[in-house]
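Peer 1: Below is the structure, and that's it, no one-letter string:
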């Protein structure tokens, strides 16, 4: 699904949701809207039966794409799975993650390299946009006077905690271990200096970008 948010031709934005390696399709879509800035909603990586070669192609595309400062790039749960290993935290596993693809990601986006040109949420022309929307429970936890500002503050605090290696409710995963680290994982962690999880937990994270399906990402920012 691709949305064109067109308040006027000058302010039009192309909104592109989960890519999951389909970079050729993205380029074809963009060719139909030349010159229109895009908002990418994250989840650039992982697909059914994908390989490290698919990851290589996507990372090459994304590394070049983020240099276009007219476009904006959000982070999703599949992005966080790879970022969490780079940042040395232990609560970011997501389905599709593999050591081989992490190695590729590490070559293109070591440490916080992908965090810097990206965002978790943004406000575009009065619309609050994230990877996967916001739950009613989280929304009701804020006061209704300056909800958008409170959400931005909450997310900024979450990122600050993440960069400091501190758990925050935005990144807490439910328990449910699905595997121990393999010998290959150990070797990668040792050679790269990346702290991998002792065990991988399911990634039903309590966060604004994973709990509601992508089709609901746009909602008018409350004032």
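Peer 2: Sure thing, it's come through. Just so it is clear, the structure is predicted and the values come from calculations on it, not from any experiment.

Peer 1: which element is residue 78 on?
Peer 2: Take DSSP states H and E as the rule and residue 78 turns out to sit in helix 77-87.

Peer 1: buried stuff in whichever helix in the chain runs longest?
Peer 2: As assigned by DSSP state H, the longest helix anywhere in the chain is helix 147-163. The neighbour-count check on helix 147-163 (16 or more other CB atoms under 10 Å) flags 147-148, 150-152, 154-155, 158-159, 161-162 as buried. To be clear about C-beta, it is placed using only N, CA and C from the backbone, and glycine gets the same treatment.

Peer 1: packing partners for it?
Peer 2: Packing contacts for helix 147-163, counted by 3 or more CB pairs under 8 Å, 6 or more residues apart in numbering; DSSP states H and E, involve strand 121-124.

Peer 1: tell me the mean pLDDT for the strand it packs on?
Peer 2: Average pLDDT, strand 121-124: 89.

Peer 1: now do stretch 28-44
Peer 2: Over the span of stretch 28-44, the pLDDT mean works out to 93.

Peer 1: chain center to that stretch: distance?
Peer 2: On the basis of CA atoms, centre = their mean, to the nearest Å, stretch 28-44 sits 16 Å off its chain's mean C-alpha point.

Peer 1: shouldn't residue 52 be in contact with residue 104?
Peer 2: Yes. Residue 52 lies in contact with residue 104 (CB atoms under 8 Å); the separation is 5.3 Å.

Peer 1: more crowded one of the two?
Peer 2: Between residue 52 and residue 104, counted using other CB atoms under 10 Å, residue 104 has the larger neighbour count: 22 against 15.

Peer 1: Tell me which stretches of the chain form strands.
Peer 2: With strands called from DSSP state E, the chain shows them at 3-5, 13-16, 38-40, 72-73, 121-124, 127-130, 177-180, 199-201, 218-220.
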